[in-house]
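A.B. asks: below: sequence and its predicted model.
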Amino acid sequence: MIALEHITKQFGGVVAINDLNFHVKKGEIFGLIGPNGAGKTTAFNIISGNYTPTSGRVLFKQQDITNKKPNEIVKLGIARTFQNIRLFDSMSVLDNVLVGFDSRFKYNLFEAILRLRRFFTQEEMFTKQARYLLEILKLDTHQFDNAKSLSYGNQRKVEIARALATNPQLLLLDEPAAGMNITESEELADILHFIRRKFNLTIILIEHDMKFVQKVCDRVLVLDYGKVIFEGSPQDMLQDEEVIRAYLGDFVK
Amino acid sequence: MILQQFFNAISLGSMYALIAIGYTMVYGVLRLINFAHGDIMMVGAFFAFIFFSLSSNFFLAVLLAIVAASVVGALTYKVAYKPLLDKNAPKISLLITAIGVSFFLENLFNMIFGGTPQAFNYPPFFDQTIEISHAIITYSSIVTIVITIFVLCIVLWFLNRTKYGMAIKAIAFDIDTVKLMGINVDFLIVLVFVIGSMLASLGGIFYAISYPSIDPLMGVLVGLKAFAAAVLGGIGSVLGAAIGGFILGFSEVFIVAFFPDLAGYKDAIAFVFLIFILLFRPTGIMGIDFEKQRF
Amino acid sequence: MSKYFIRLALISAAVMILLYISMQYLDSYTVMILENLGIFIILAVSYNLINGVTGQFSLEPNGFVAIGAYVTALLLLDKNAKLDQFMLSDPSDFILAIHSSFVPALLISGIVASLVAFMLAFAVFRVRGDYLAIVTLGFGFIIRIFAVNQSEYTNGSMGLSGISNEANLMWIGVFVLISITVVLNIVYSKFGRAMKAIRDDEDAAEAIGVDVFKIKTYAFMTSAFFEGVGGGLMASLLTTISPEQFSFMLTFELLIIIVLGGLGSISGSILGTIIVIAGMEWLRFLDEPNFFSDTAHPGLRMVVFSVILILIMLFARKGILGNKELWDIVKVKK
Ligand SMILES: Nc1ncnc2c1ncn2[C@@H]1O[C@H](COP(=O)(O)OP(=O)(O)OP(=O)(O)O)[C@@H](O)[C@H]1O
Ligand SMILES: [Mg+2]
C-alpha cells in the first residue's frame, strides 16, 4: 500500500529521520512508536507532502508521491490528523467535517452563486454523509457545537471524521488517543477497527500509550533518533532490549 | 555622464537600503510587515527639520532627530504591536494595526505641518561639488554613500559578532526556543525597532537633503519601494535588504537614463520587481525560507 | 430550495419598494447620502470576503475601484465627448471605439477588475506570507501612476467628466442586493467553508485537500469584481473622476468599516458601513475651527479615525459582530 524508501530528513544540522525504510500492507493497522523527538511526526509530514525529504522516496500504491503537494496527496487517498489538534476554530463540528468533503463536492462557483439545483442536491447529500461519519464517531449530538468548545478527546475524533470525509484509503493518525481517558481510548480502539472494516482502510498511527498500541496495531515500528530500532508485532516489541533501552534512556533523561 | 548616474544610483540605493533594513529586521523577528516603517523615515526627516530650525547645529539636529525617531519607532512597538502579541492575536490584527499606526503618523504630521511640502534647510556644505572626470558630484551624495556603507558595516558586525545581535538572529529563527532560554526577547525586539528606526530616519534625512523638501506622505512610496527591495534581497536578510536597495536604486536611475520615456513610470519599477521576485524566486536573492516551521 | 428563492424574492422586493419610496419622498441630500451608503455597502461586503472571510489581509479596494470607475467612464462617454475632453494627448483609437450602455459597462468594469485581480493573485498566492497586503498597496499606486501617465487612455491627471448620471438610488439598490446575495451564496457553500478553513488554519485546510491557491483566488476575484462594479457606480454617480480620487484613504475607510463591523461578518460590514458613513459626516466638525483653536484642522478627523482603528484592534479586536452574522446571534437567543 505505502512504502518509504531510504527516507532521510534534515533540519539544518538536525537529522530528524535517518534512512527510514518500511512498508505497510493494505488493511493493516501499523503503529509508529518511539520516544519524544524520534521523528515520527516528521515521517507523517513527509508522507502527507507537508515536508519534502532530504533524500529518499515515498511510494503509494506503486506511485511515487514524494514531491506532490498536500492537497494532491489527499486526492490520491491519504488523509491525516494532527498531533496538536488543528480544527477550524470558528466553525461548527459539522462544518469542519464538511470541509473534509471539499474536493468531493461537484458544483462550481457559478452553481453556488446562482444556487442551481446541483448545489442543493450536493449539499444535502454530503451533509447526510457528514452526519453519518459523526454518528460513527459518536459525535452526532455535538454537530452544531463550535469545534473548539469540545473536550480534547472529542476534538481528536472530529479530526478523524474530517480526515475520513476525504474518502481516504490510507489514514495517518498522530497520537489519536492522547488526552483521552481509559473508556474513551477503548471506545476509540473499537471505532478504529470498525472504520477499517467499513471503509477498507489502511491505518498508520503514532501513539505513546502502549496499551492502546497492543490493542489496535497489527504491526509496529520503533524509531529512536530517526533510526529504526525494531519492527514486528506489538507483543515482541515489549520484550525487545533495544526498545526498552530507548525508552528507559528517555526516562533517565 | 555614466559616472554621474552611477553616483546618483548609489546614493539613491543607499536610502532604499537604509530603510529596507528596518523592514527586513522587523519581519525577521515578528513576521510582520511594519507598514509604519516608511513613516518613521518621514518622522526622522521632520524631526531634523524641527531641531535644525531650533538649534542651527545641523549635526546635533540630525543626532537628536535620529534618537527621537527611534523613540517613536520603539513606542509603536510598545503601544501598538506588543499588546497584540501578548494576547496572541491573529496576524491580521497586527497588520491592520500597522496600517493604523502608519495612517496615524501621516495624518498627525499632516495636521501639524499641513500637507504641502516644506523646504528642508541644510548647511550649504552639502551643495558643494567635486568634479571627477567630468562628473559633478555633490557632497551630499558622497556623505550619503560613505555614511551608509559605514552604518551597514556596523549593523552587520553587530548582528553577526555581538551577543545581542546573535540573539536577534536566533529570534528570527525560532522565537519560542529563545524565550525558553531565558533571554529577554522583548528587549531585543525593542532593539530591533530602535535600530530599524535609526537607519530609516537617517535615510529620511538623506532623502530630504537631496530633494530638498519634506511632506507627511513622503514615507509612503519610499517605504513601499524599500519593502520591495527587502523582498528582492530576501526578506529576513539584512545584507539582502541592502543589496536589494542598491539594485533598486541602480534600476531606477539607469532605466530612466536610458529610456527617458519611462520617467513617469519610475515609481512602478519597484512594484514590477516585487511581482517578478514573487513569481520566480519568492525567497529573494539571499534565499531565506521562513516557512520551514509550520508543524 | 424553493423556500430559498421565495425568501430572496420577498426581501428584494421589500428593499426595492422601500428605496422607491425614499426616492420619492426624501430630499436630495438624504438621497445622496443613501446612494453613497449603498456604494460603500457593496465595497465593504466584497472587501470583507477576502479580508475577513478568507483572512487574507489585502489593501486593494482603491485600485480596483479606480479600474471600475475608469472603465465605466470610458464606456459611457461617447466619441465626441472623448474628443472634446482629452487635452493632454488625443484619445487612442481603442478608447474612441469603445462604448456601451450603463449595465453592461458596470459588468465589464467588474470583469476587468477581477481579471487584474487574477493576475495579481497568481503572483501573490503561490507564496506564503503577507505579500498580498503590500502588493495590493503598491498596486493602488501603480494604477494611479498609469492613470496619470497613460493620457491617451485616461486623459491623465485631468480626469474625465460629463459621465452620464445613470446611477440612481434604485440601480445602486439593485447592485447592493446582487452583491450581498452573491457574497452570502459563496459564504454559505463549500467555497465559503473552505475560505473560513483557510482563515482558521491554512496548513490544516491544505492537509485535508483544500486547494488553497484556487480558493484564495476566487475570493480575491469576487472582491475585485464588486469593487469594479462599485467604482463604476461611483463614476456614474459623481459624473467626474480623476486619479487623485482613488487614494489609499478610500481603502482605509473600508478597512475601518469591516473591522468595526467584525471581520468575516457580512451583516457586520453593512452595520459598519452605516456607522462609519454616519460618523464621517458627524465628525466633520473636528476639521473645523473649534474651541481650542480658531484655525481649521484638516486631518484631525483622520487622526481620530486611525486612533479608533488602533483602539478597536487593541481592545475590541472582534468588532461588533465578530465573525458571526446577525441572524446567528438572533437564533441563539431564541
Ligand atoms: N520544522 C522543524 N524544524 C526544525 N526541526 C524540526 C522540525 N520538525 C521537527 N524537528 C526536529 O526533528 C526531530 C523529530 O521531531 P518529530 O516531531 O518528528 O518527533 P516525534 O517523534 O513526533 O516526537 P513527539 O513524540 O514529541 O511528537 C526533533 O528533534 C525536532 O526538534
Ligand atoms: Mg510527534
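C.D. replies: Structure's in. What do you need? Ligands and ions are numbered 1, 2, ... in the order given.
A.B. asks: for chain B, what's its nearest residue on the stretch 1-150 of chain A.
C.D. replies: For the stretch 1-150 of chain A, the residue positioned closest to chain B under C-beta to the nearest C-beta is A:Asn45, at a distance of 5.4 Å. (C-beta placed from N, C-alpha, C; glycine too.)
A.B. asks: just the strands in chain A please.
C.D. replies: A:2-11, A:14-24, A:29-33, A:55-60, A:63-64, A:78-80, A:170-174, A:202-206, A:219-224, A:227-232 (DSSP state E).
A.B. asks: columns mean pLDDT on top of those strands, output as TSV?
C.D. replies: Written out in TSV, the entries for those read as follows (pLDDT from 0 to 100):
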stretch	mean pLDDT
strand A:2-11	93
strand A:14-24	91
strand A:29-33	94
strand A:55-60	94
strand A:63-64	94
strand A:78-80	95
strand A:170-174	96
strand A:202-206	96
strand A:219-224	92
strand A:227-232	89
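A.B. asks: so which of those gets nearest chain C?
C.D. replies: Between chain C and the strands of chain A, the shortest separation by C-beta to the nearest C-beta is 6.0 Å, and it involves strand A:78-80.
A.B. asks: any residue of that closest one up close to ligand 1?
C.D. replies: No. Contact check for strand A:78-80 against ligand 1, using C-beta under 6 Å from any ligand atom: none in range, with a minimum separation of 12.9 Å.
A.B. asks: centre of the chain to that strand, how far?
C.D. replies: Per C-alpha atoms, centre = their mean, to the nearest Å, the displacement of strand A:78-80 from the mean C-alpha position of its chain is 6 Å.
A.B. asks: are there helices or strands packed against it, and which ones?
C.D. replies: With contacts defined as 3 or more C-beta pairs under 8 Å, 6 or more residues apart in numbering or on different chains; DSSP states H and E, strand A:78-80 has these neighbours: helix A:40-47, helix A:152-164, strand A:170-174.
A.B. asks: check whether the last one contacts chain C.
C.D. replies: No. Figure legend: strand A:170-174 not in contact with chain C (C-beta under 8 Å from any C-beta of the partner chain); closest approach 9.8 Å.
A.B. asks: identify the residues contacting that strand?
C.D. replies: Contacts with strand A:170-174, where a contact means C-beta atoms under 8 Å, 6 or more residues apart in numbering or on different chains, come from A:1-2, A:24, A:40-41, A:44, A:47-48, A:60, A:77-83, A:160, A:163-164, A:192, A:195, A:201-206.
A.B. asks: that strand pairs with which strands?
C.D. replies: Here the strand partners of strand A:170-174, with direction, are listed using DSSP bridges: strand A:78-80 (parallel), strand A:202-206 (parallel).
A.B. asks: the first one and ligand 2 in contact?
C.D. replies: Right, strand A:78-80. No. Contact of strand A:78-80 with ligand 2 (C-beta under 5 Å from the ion) is absent, the minimum separation being 12.0 Å.
A.B. asks: now swap in the longest one and tell me
C.D. replies: No. Strand A:202-206 stays clear of ligand 2 (C-beta under 5 Å from the ion), getting no nearer than 6.1 Å.
A.B. asks: okay, the helices and strands packed on strand A:78-80 in a markdown table with distance to B:Val146 next?
C.D. replies: Converted to a markdown table, these look like this (distance: least, C-beta to C-beta, whole Å):
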| stretch | distance to B:Val146 |
| --- | --- |
| helix A:40-47 | 49 |
| helix A:152-164 | 59 |
| strand A:170-174 | 56 |
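A.B. asks: on that earlier part again, any idea how far A:Leu172 is from the residue of the stretch 1-150 of chain A closest to chain B?
C.D. replies: Computed as C-beta to C-beta, to the nearest Å, the A:Asn45 to A:Leu172 distance reads 10 Å.
A.B. asks: looking at the chain, which helix or strand is least sure?
C.D. replies: Unless you meant another one, I'm taking chain A. Averaged element by element with mean pLDDT, DSSP states H and E, chain A has its least confident helix or strand at helix A:241-252 (a mean of 68).
A.B. asks: that's the other chain; I wanted chain B
C.D. replies: Taking mean pLDDT, DSSP H and E as the measure, chain B has helix B:175-180 as its least confident helix or strand, at a mean of 81.
A.B. asks: in that helix, what counts as buried?
C.D. replies: Under the neighbour-count criterion of 16 or more other C-beta atoms under 10 Å in any protein chain shown, helix B:175-180 has B:Ile175, B:Val178 buried.
A.B. asks: helix or strand right after that helix?
C.D. replies: Using DSSP states H and E, the helix or strand that directly follows helix B:175-180 along the chain is helix B:185-210.
A.B. asks: for that following helix, which helices and strands make contact with it?
C.D. replies: Here helix B:185-210 is seen to pack against helix B:2-30, helix B:37-55, helix B:58-75, helix B:139-161, helix B:163-173, helix B:175-180, helix B:218-233 when contacts are counted using 3+ C-beta pairs under 8 Å, 6+ apart.
A.B. asks: for C:Leu177, give me its contacts.
C.D. replies: Residues near C:Leu177 by C-beta under 8 Å, 6+ apart: C:Ile11, C:Ser12, C:Val15, C:Met16.
A.B. asks: skipping its backbone neighbours, what lies nearest the first one in space?
C.D. replies: Excluding the flanking residues, the one nearest C:Ile11 by C-beta to C-beta, 6 or more residues apart in numbering or on different chains is C:Leu177, at 8.0 Å.
A.B. asks: avg pLDDT for the helix or strand where the one you found lies?
C.D. replies: For C:Leu177, the host element (DSSP H and E) is helix C:169-187. Helix C:169-187 shows an average pLDDT of 97 in the prediction.
A.B. asks: hmm, whichever helix or strand comes after it in reach of chain A?
C.D. replies: Moving toward the C-terminus from helix C:169-187, the first helix or strand encountered (DSSP H and E) is helix C:190-200. Yes. Contact of helix C:190-200 with chain A is found when judged by C-beta under 8 Å from any C-beta, involving C:Lys190, C:Phe191, C:Arg193, C:Ala194, C:Lys196, C:Ala197, C:Arg199, C:Asp200.
A.B. asks: now for the last one, how many residues are close by?
C.D. replies: By the criterion of other C-beta atoms under 10 Å in any protein chain shown, C:Asp200 has 22 neighbours.
A.B. asks: what does the second one give?
C.D. replies: Residues within reach of C:Phe191, counting by other C-beta under 10 Å, total 25.
A.B. asks: isn't it right up against C:Lys216?
C.D. replies: No. C:Phe191 is beyond contact range of C:Lys216, at 10.9 Å (criterion: C-beta atoms under 8 Å).
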